[in-house]
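>>> here is the input, now give the coordinates:
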Amino acid sequence: QVQLVESGGGLVQAGGSLRLSCAFSGRTFSRYAMGWFRQAPGKEREFMASISRSGGGTNYLDSVKGRFTISRDNAKNTVYLQMNNLKPEDTAVYYCAASPKGPIVLPTRSDEYDYWGQGTQVTVSS
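The predicted structure is shown next:
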């Protein structure tokens, strides 16, 4: 069974940066595409970014392009989300997820992901 554990969330001022990490265990990490989603209070879960199994391909929500960077280290079984120039509207619980789709697929829908972490809170103050 796959387990995902996010870390790195917290409180940051607008314009600041955070780096989220998601540790993967239970299966072969390199056989899963990975994604980051977020959910703000009263809103639906929203796709942020995805990365292919090898890390050679990435995809982003338009509103975070140029500010957020997804990456992975297959030797460490970890996926990252570097978030720069954070805005108050980025405040949400951030989730990582694992999808068996591949090898070059970049899934964007929640139903394409089989496994989810518990989430980490990101709060951006103005």
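
>>> what separation is there between the nearest residue to G26 once chain neighbours are set aside and A40?
Spatially, and ignoring its direct neighbours in sequence, G26 is nearest to V2 (4.4 Å; CB to CB, 6 or more residues apart in numbering). Using the backbone N, CA and C atoms, a C-beta is placed for each residue, glycine as well. Noted for V2: a distance of 26 Å to A40, by CB to CB, to the nearest Å.

>>> can you pick out the residue with more neighbours from the two?
Of the pair V2 and A40, V2 is the one with more neighbours under other CB atoms under 10 Å, namely 17 against 14.

>>> hang on, the earlier thing: hmm, S25 and the residue nearest to G26 touching each other?
Yes. Between V2 and S25 there is a contact at 7.3 Å, judged by CB atoms under 8 Å.

>>> stretch 27-43 spans what distance, first to last residue?
With CA to CA, to the nearest Å as the measure, stretch 27-43 spans 31 Å from end to end.

>>> how far does that stretch sit from its chain's centre?
5 Å (CA atoms, centre = their mean, to the nearest Å).
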